[in-house]
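Asker: Generate coordinates for the sequence data below:
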Amino acid sequence: MQEWEITVEELRRSLERGEEIVLLDVRSAEDRREWFIPGSVHRDIYALLKSGDASALQDFSVTAESPVVVVCNRGRTSMVAVELLRKQGIPAVSLRGGMQAWSLAWNLAAVPLGSDGVQVHQVRRTGKGCLSYLVASAGEAAVIDASVEVDVYLELAERGGWRITRVLETHVHADHLSRGRALAEATGATLHLPEQKRVKFGFSPLGNGDLIGVGKATIEVLAVPGHTIESACYLLDGKALFTGDTLFLESVGRPDLASEADRETRERAALLYRSLRRIAELPGETVVLPGHTASPVPFDGNPLMASLREVLDRVQLLALSEDQFVQEILSRIPPPPSNYLEIVRLNEEGASVDDPSVLEAGANRCAVA
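Answerer: Just a heads-up that it's a prediction; the model follows:
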C-alpha cells in the first residue's frame, strides 16, 4: 500500500527542511543499539508485532499533529505497526525499505575554515556514519572519499557552479562501496588514490609530500600507514586535515581489516602509532575532518569537526608509548563490519552493485572502541 509508505528520499527531504515528524522505531533493543535515526523514539515491540499481538501499540499516542513514520529493519514489520496505529486513528506511514534503505540517506553541513575563496562541505550518510567532503575553489571542486550516490555530488557541484576536477580516496574502504571511480568517470575528473598495488583499475597515485591543486587551494598528501598500508591524509592549505579512517574525533582507526595474520595486525598497529605521532606534530589549531563517525548524524547542519588539539586531549590512546598503544589497540578491536571482505573485494576491483544498501547496512565499525 504505497499511500501507507514514505520513501527514504521523501523522509530525508522532510528532515532537511526541519519539519516536525514523529519517528517511531519498532525494532528490537539489540538492533536499535547498532544504529538508529537521530530523534526517533523507540518501542521494543518487534517480537510482539511479528506474533500478531494487537495490543503492541495500544499505549502509544501523539500529542501534536505531526506525522508518524514507523521504522523497522526492512520495512515489513513496520507495516504491521502502521495498520495498528491507523486503527487507533493515528495516520502513520512506514519507511519503505526500513533501516536497510535508510543507510543511503544523507545530509549536508558547511565547514567554516575562514579560508578566502575556499569552501568545504561535509556530506554525511546519517545512518552509516560515512563522511565525505567536497572542496571547492575558483570554480573547481574535489571530492574526498565519495560514499553517497554520484548524483548527490553532481547536484552539489552544479548548485555551487563548480566543476569536479579531482576525486580522492584516503584508502581502500572496508565498510562501504566507494563511489569514487564512478564519480570520476561521470565527471572526467582525475581519480587519485594513495600509492599502492591493491586496486585493479587505473588511477593517479599520490605519495607522501605530493601537492595537488583545486582552484586556488592546495592539498598536501601525508602517508599514514596503519589502518591500511596505503592510508593517506590530505592537508588543505595547512588548515584542515582530512584523516579518512586513521584518526577520528574520539578514537583511532583499527589496524586489522584485511590483515592476514595476527602478526600483520600487530605490525600495522605499530605503523598506526607512528603515523598518529606524525599527525600530532601538526599545529594544534589544524581542523580534523574524519572519514567516519560512530554515531548517527542528525540533520542539524553542524559539521563534525574538532581542532587537532581537542582530538589529542580526547584520545587518551595517543598519550601511550608505542608498546602500550599496540597492546591497547589489540585488546579493543571490535567485531568487523558486516560483509567487509566482499566490500573490500569490490573496492579493489572498482566494481559496483545495483543495491549497495544490502552490503552496507549496519553501523560503522572502522574505529577502535
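
Asker: how far away is residue 348 from residue 151?
Answerer: When distance is defined by CB to CB, to the nearest Å, residue 348 is 24 Å away from residue 151. In this view, the C-beta of every residue, glycine as well, is placed from N, C-alpha and C.

Asker: and what of residue 170?
Answerer: Residue 170 sits 22 Å away from residue 151 when distances are taken as CB to CB.

Asker: what about the strands in the stretch 1-150 of the chain?
Answerer: Along the stretch 1-150 of the chain, the segments classed as strands by DSSP state E, counting those that start in this stretch run 5-6, 22-25, 41-42, 68-71, 92-95, 106-111, 118-125, 131-137, 140-144.

Asker: after the last one, next one along is what?
Answerer: Sequence order places helix 150-160 as the next helix or strand after strand 140-144, per DSSP states H and E.

Asker: in that following helix, what counts as buried?
Answerer: When neighbours are counted by 16 or more other CB atoms under 10 Å, the buried residues of helix 150-160 are found to be 150, 152, 153, 156, 157.

Asker: nearest spatial neighbour of the third one, skipping sequence neighbours?
Answerer: The reference is to residue 153. Spatial nearest neighbour of residue 153, excluding adjacent residues (CB to CB, 6 or more residues apart in numbering): residue 143 at 5.3 Å.

Asker: Name the helix or strand of the protein that has the lowest mean pLDDT.
Answerer: The helix or strand of the chain with the poorest confidence is helix 357-360; it has a mean of 88 (mean pLDDT, DSSP states H and E).

Asker: rewinding a little: any chance of the strands of the stretch 1-150 of the chain in JSON lines, with mean neighbour count and mean pLDDT too?
Answerer: Formatted as JSON lines, those follow (neighbours: other CB atoms under 10 Å; pLDDT from 0 to 100):
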{"stretch": "strand 5-6", "mean neighbour count": "19", "mean pLDDT": "97"}
{"stretch": "strand 22-25", "mean neighbour count": "22", "mean pLDDT": "97"}
{"stretch": "strand 41-42", "mean neighbour count": "14", "mean pLDDT": "96"}
{"stretch": "strand 68-71", "mean neighbour count": "25", "mean pLDDT": "98"}
{"stretch": "strand 92-95", "mean neighbour count": "25", "mean pLDDT": "97"}
{"stretch": "strand 106-111", "mean neighbour count": "18", "mean pLDDT": "97"}
{"stretch": "strand 118-125", "mean neighbour count": "22", "mean pLDDT": "97"}
{"stretch": "strand 131-137", "mean neighbour count": "25", "mean pLDDT": "98"}
{"stretch": "strand 140-144", "mean neighbour count": "26", "mean pLDDT": "98"}
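
Asker: In TSV: those, plus distance to residue 221.
Answerer: Conversion of those to TSV gives the following (distance: least, CB to CB, whole Å):
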stretch	distance to residue 221
strand 5-6	43
strand 22-25	41
strand 41-42	43
strand 68-71	41
strand 92-95	41
strand 106-111	20
strand 118-125	17
strand 131-137	14
strand 140-144	12
